[in-house]
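Participant: prediction below, plus the sequence it came from.
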Amino acid sequence: MPLPSAIGFLRSDVSGARRQWDEIQIRSAAARLGYDLRKIVVFSATTERPVYRLRLVVDRLGIDAIVTPSIAHFDAGEVPADLVAVVDIITLSPEHTYARASTPAETSGGSDFP
């Protein structure tokens, strides 16, 4: 049975000098959680329509989860409802999973992972 697939996501302006470390953390967490990490998507503060673009990647690759260093990598520091409606969002700091089964009103909830 194939592993569920994931992409990593970070914003270079948020990671700054920690970008390489954030990428290592994403790879490590994906492997530890049993995901086939397909790629790491890197946007900047000037990337237009980042949620739309992430959704395209999710849809085209058939992704099950997005692994990100923290919700600070999303605009306004909030998990986008448009993404969590179709894919699990896993943050590493703090370690938390926003399950796709959650409703938009529940995006501040979710479940912690080991």
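Facilitator: Everything's here; your move.

Participant: count the neighbours of Val16 for me.
Facilitator: Residue 16: Gly, not Val. By other CB atoms under 10 Å, the residues close to Gly16 number 9. C-betas here are computed from N, CA, C, even on glycine.

Participant: kindly report the same for Arg49.
Facilitator: Using other CB under 10 Å, Arg49 has 10 neighbouring residues.

Participant: now do the one 10 residues further on
Facilitator: Applying other CB under 10 Å, we find 11 other residues in the vicinity of Asp59.

Participant: contact partners for the nearest residue in space to it that is not next to it in sequence?
Facilitator: Spatially, and ignoring its direct neighbours in sequence, Asp59 is nearest to Val86 (7.8 Å; CB to CB, 6 or more residues apart in numbering). By CB atoms under 8 Å, 6 or more residues apart in numbering, the contact set of Val86 is 55, 58-59, 100.

Participant: take those residues and keep only those in helices.
Facilitator: 55, 58-59 (DSSP state H).

Participant: just those residues now: which is nearest Ala6?
Facilitator: Val58 (9.8 Å; CB to CB).

Participant: related to what we said a few turns ago, pLDDT and distance to Asp82 added to the contacts of Val86, as CSV?
Facilitator: Output for these, formatted as CSV (pLDDT from 0 to 100; distance: CB to CB, whole Å):
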residue, pLDDT, distance to Asp82
Arg55, 97, 6
Val58, 97, 10
Asp59, 97, 11
Arg100, 91, 11
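
Participant: name the helix or strand of this structure that has the lowest mean pLDDT.
Facilitator: helix 81-84 (a mean of 94; mean pLDDT, DSSP states H and E).

Participant: could you pull out the helices for this structure?
Facilitator: With DSSP H as the criterion, the chain has helices at 12-15, 19-32, 50-61, 81-84.

Participant: buried residues in the last one?
Facilitator: Neighbour counts using 16 or more other CB atoms under 10 Å place 83-84 of helix 81-84 among the buried residues.
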